[in-house]
Each structure stands twice: as C-alpha cells, then as structure tokens.
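Enquirer: no sequence for this one, just the structure:
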C-alpha cells in the first residue's frame, strides 16, 4: 500500500502536465540521423521510463538533462518533417507532437564531362556526375544560373550558354537543392582553354643592326587570341591582335642592337594557350657602302641618275625619278638608301631640285624649295633623309646656300654661312 501511495504522488498532477514539447534544439538535421536534440517539456519531465520517437522511429540514446529537459539522438529518417513525441512508458502518456525536419544530404559533385573545352565552343552539353540530385536541383556555372535536366539522382545535364565560353577562364560549377534546405554542393572547375598558337610566317622589312627606331612586323599563323603576345628572344613586345591568324608587333630598337637571329614566338596565357613554335628573324649587320648613287648618259646621251645596291649586286635605273626629255644629275643619297635628292633641268631647261623615295617609288618636285626662275641645284641630303642643303642664285643672282626641312617643308637661307659679296655653294650636311 505504501508503494501505491508513492507512485500516486509521483504521477502527473493533471492530465495536461506533460502534454506539450516547448522547444526542440536544433529543429533540423540530416536524414542519416545522429543529431543530438535537446527537448524541453512543459511542466517538467516526470519519473518513470521514457522513450522519444522521431516519426515513429525510436531514438537510440536518451538522457535527462534537467527537471524539464532531456536529450535524444535522432535516428535516421526520410527528408521532410517528422513528429517528435516523448512517451512515459509507466503512465502511458505522450506529449503532443513537435516537428523535427530531416534535411536531405547536400548534392555532391564527382566529375564533369567534359572538364575542359576550347574557347569559342558552342552548343556544349555538360554532363555532371555525382549524387543526391533531385528534381529540385539547380545549377550555377560561374555566376550564371543555368537550366538543368535531372537524368537521375547521380547525373545532370545542362546546355552551357555560348557567352560563358567566349573567353579563356575557369568556371566553378555547383549544384544547389533549395528544397528543405538541401544545401550546396562542392565545386568542380570547368576550364575554357585557349588554343596553342602556331606561327607559320613573319613579314618584316630587312632588319639591320643597330636600328634607329621601332620596326613593325606581321606574324601569321593559327590559334591567335586577343590576349596573345609576340615575344622576341623571350621578351614580349607591343602586340596588336588583327585576326585569329594575324598579329602585328613593334620591335623596339634595343632588340635590334646587334646582328644575329631573333627567335620569334607567340605566347597565349592560360587556361590552355602556351608558347608557339619559334621562327627566326635575321638581323644583319649593315653592308659598308651598300648604296651608290651616280650619273650616267648611257640612255640617248642624256644624263640620268642610277642606284647600285652593292650588297645585292642590283642596279636600279630609277625610271620613276628620271625624266625623258631632260638631264638629271648630281645625286645625293640618305644613309639607308631610301631617299635620293638630285638636280634636273626638265622644266624648260631650268635647274631644280627633286627628291625621290625609293620605298614608295614616288617623286617629290619640292615646290616649297624651288624658285620659279632661279637656279636651284647641287643638292645634298642629310644621312637621316630629313634635311636638304642646296645652292641657289635667287638672291641678286649670286649663289647662296639654303636649307630645306622635308618634314616641316620649311626653306631657309643659311645667313651665317653665306657672305653677301661672295659665291657660296656646293654644300654638304650631316645629321
């Protein structure tokens, strides 16, 4: 009778003393179970054997932590909400259910097929292999949300937009399942790779050492990209992208300081890319006294100007410069053999100065230099081809020395050289 009285004293005071769970912490956990859940019961936890059920599944571990709290380890479950109840096996009472949500495992990525594609690829269908994929899975490639097809719980497919593949870079691929807070997967890298460049030809003027300025070249080949750089002997130079098969570049004079072979490559940065094959550019030492300009009357007895390239062994008759009905003579040539200045009487027998550009094959009659009625002749050109010094009798009929700047087209009398009562002429000029 004493035992019965003790049990009656320990029984719930009312029918509602243990009918509600006040709090679960945490309220969510993985489907694999193992989450330690703190349970607070309204009115306290009475004596007697207890059990905790999660969606009808018995918690494996249970311990009391206070007068109104206990801890239970959630058993494995299925994704979604599960009712949680505390049952007193002695009195046969149970709390009203609280809700614990089982979260699906986050997606996990194992492999991309293909893991890398060439830049400019179109119509790429990417296969994503992994696990824990669902109909609610979504795909992000880089910062772009991409529609995805769920083939199975272990495979997704997606068509990658062409703009994402228009340049070389590395895109991180992740899968997210927002349903029930499923979470985000690990990331895998999709590489958009540049092609390895190939050089097939180089177009360049004759390269002489040392050079006085930058020299433009054209590099032809395949697999060039806007970010490709032309490199000479390992030094990147200023490069301009023209097409996937053509680049232009400027060789600084420092790289043309001495004669020899300059290996030319094209380097494209990654992903992919790399260095092309090398093609050599020959930089030659100048041929001493290569160009010779002279006068000859070999054609019909009239004087004409000729140019001999001693290195090539080739005579240039300068047909675009010489006149058919006059005499041309007294040539002077620039150091590189490009410009030839000479005297000609083709205009009604009056001596005038003319300038011929061998590179463009154009003749300049120098209207700013020549006088309409005076003698202008005996010209000499500076080594760089900029200045022409010549003799003219335009001042009171006496020969005087004048200077002409081919860049500014300005003519001036050299008053410091001339003397008013003397004849001054037959001048030469340096750089």
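Expert: Good, I have the coordinates. Not measured: the values here are computed from a predicted model.
Enquirer: which parts of this protein are helices?
Expert: For the chain, the helices defined by DSSP state H occupy 2-10.
Enquirer: can you pull the contacts of residue 225?
Expert: Counting by C-beta atoms under 8 Å, 6 or more residues apart in numbering, residue 225 touches 119, 168, 194-195, 197, 241, 244, 268, 273. (Glycine included, C-beta is placed from N, CA and C.)
Enquirer: ok, these vs residue 87, which is closest?
Expert: Using C-beta to C-beta, residue 168 comes nearest to residue 87 of the contacts of residue 225, at 63.2 Å.
Enquirer: among the contacts of residue 225, which ones are buried?
Expert: The neighbour-count test (16 or more other C-beta atoms under 10 Å) marks 119, 168, 194-195, 197, 244, 268, 273 as buried among those.
Enquirer: before we move on, the earlier item: take the contacts of residue 225 and keep only those in strands.
Expert: 241, 268 (DSSP state E).
Enquirer: need the contacts of residue 225 in a markdown table (columns: distance to residue 414 and pLDDT).
Expert: Formatted as a markdown table, the contacts of residue 225 follow (distance: C-beta to C-beta, whole Å; pLDDT from 0 to 100):
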| residue | distance to residue 414 | pLDDT |
| --- | --- | --- |
| 119 | 62 | 94 |
| 168 | 61 | 94 |
| 194 | 60 | 96 |
| 195 | 61 | 96 |
| 197 | 55 | 97 |
| 241 | 49 | 98 |
| 244 | 55 | 96 |
| 268 | 56 | 97 |
| 273 | 59 | 95 |
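Enquirer: okay, now the unreliable bits of the protein?
Expert: For the chain, the stretches with pLDDT under 70 are 1-18, 46-47, 180-182.
Enquirer: can I see the domain layout of it?
Expert: Listed by automatic domain parsing, the domain ranges of the chain are 2-103, 108-193, 198-284, 291-413.
Enquirer: now distance to residue 424 too, for those, in CSV please.
Expert: Shown next, in CSV, are the domains of the chain (distance: least, C-beta to C-beta, whole Å):
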stretch, distance to residue 424
domain 2-103, 103
domain 108-193, 67
domain 198-284, 31
domain 291-413, 5
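Enquirer: quick check, nearest of the buried ones among the contacts of residue 225 to residue 27?
Expert: Nearest to residue 27 among the buried ones among the contacts of residue 225, with distances taken as C-beta to C-beta, is residue 168, at 46.5 Å.
Enquirer: what residues are up against the spatially closest residue to the closest one that is not a sequence neighbour?
Expert: Excluding its sequence neighbours, the residue lying closest to residue 168 (C-beta to C-beta, 6 or more residues apart in numbering) is residue 194, at 4.3 Å. Taking C-beta under 8 Å, 6+ apart, we find residue 194 in contact with 118-119, 168, 223, 225, 227, 268-273.
Enquirer: got a markdown table for these, with distance to residue 85 too?
Expert: Formatted as a markdown table, the contacts of residue 194 follow (distance: C-beta to C-beta, whole Å):
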| residue | distance to residue 85 |
| --- | --- |
| 118 | 60 |
| 119 | 60 |
| 168 | 59 |
| 223 | 69 |
| 225 | 66 |
| 227 | 65 |
| 268 | 66 |
| 269 | 63 |
| 270 | 60 |
| 271 | 56 |
| 272 | 60 |
| 273 | 64 |
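Enquirer: re earlier: closest to residue 421 out of the domains of the chain?
Expert: Using C-beta to C-beta, these put domain 291-413 closest to residue 421, at 8.1 Å.
Enquirer: and that closest one, how far from the chain's centre?
Expert: Once both centres are worked out by C-alpha atoms, centre = their mean, to the nearest Å, domain 291-413 turns out to sit 50 Å from its chain's centre.
Enquirer: compute the first-to-last residue distance for it.
Expert: 30 Å (C-alpha to C-alpha, to the nearest Å).
Enquirer: ok, stretch 286-302 next?
Expert: 33 Å.
Enquirer: what about the residue nearest to residue 172 when sequence neighbours are not counted, how many residues close to it?
Expert: Counting by C-beta to C-beta, 6+ apart, residue 187 is the residue found nearest to residue 172 once chain neighbours are left out, at 4.4 Å. Residue 187 has 13 neighbouring residues, counting by other C-beta atoms under 10 Å.
Enquirer: how about residue 86?
Expert: 25.
Enquirer: ok, it - contacts?
Expert: Contacts of residue 86 (C-beta under 8 Å, 6+ apart): 18, 21, 39, 41, 45, 50-52, 70, 94-95.
Enquirer: hmm, try it at 6 Å
Expert: 41, 52, 95 (C-beta atoms under 6 Å, 6 or more residues apart in numbering).
Enquirer: likewise residue 169?
Expert: residue 192.
Enquirer: and the spatially closest residue to residue 42 that is not a sequence neighbour, how many neighbours?
Expert: Sequence neighbours aside, residue 20 is the residue nearest to residue 42 in space, at 4.4 Å (criterion: C-beta to C-beta, 6+ apart). Using other C-beta under 10 Å, residue 20 has 15 neighbouring residues.
Enquirer: before we move on, the earlier item: how about the residue nearest to residue 168: which residues does it bridge to?
Expert: Note on residue 194: beta-bridge partners by DSSP bridges are residue 272.
Enquirer: just the one 5 residues further on next, same as before
Expert: In this structure, residue 199 has the following beta-bridge partners (DSSP bridges): residue 221.
Enquirer: contact partners for it?
Expert: For residue 199, the contact set (C-beta under 6 Å, 6+ apart) comprises 221, 266, 276-277, 279.
Enquirer: what of residue 125?
Expert: Residue 125 touches 157, 159, counting by C-beta under 6 Å, 6+ apart.
Enquirer: what distance do you get for it to residue 113?
Expert: In this structure, residue 125 and residue 113 are 9 Å apart, going by C-beta to C-beta, to the nearest Å.
Enquirer: now swap in residue 262 and tell me
Expert: Residue 262 sits 44 Å away from residue 113, going by C-beta to C-beta.
Enquirer: these two: which has the busier surroundings?
Expert: residue 262 (19 against 11).
Enquirer: so that one touches residue 235, yeah?
Expert: No - Residue 262 lies out of contact with residue 235 (C-beta atoms under 6 Å); the separation is 9.5 Å.
Enquirer: neighbours of the nearest residue to residue 425 once chain neighbours are set aside, how many?
Expert: Among residues not flanking residue 425 along the chain, residue 391 sits closest, at 3.4 Å (C-beta to C-beta, 6+ apart). By the criterion of other C-beta under 10 Å, residue 391 has 23 neighbours.
Enquirer: tell me what residue 391 is bridged to.
Expert: residue 377, residue 401.
Enquirer: likewise for residue 152?
Expert: Beta-bridge partners, per DSSP bridges, of residue 152: residue 155.
Enquirer: now it: how far from residue 61?
Expert: Distance of residue 152 to residue 61, given as C-beta to C-beta: 35 Å.
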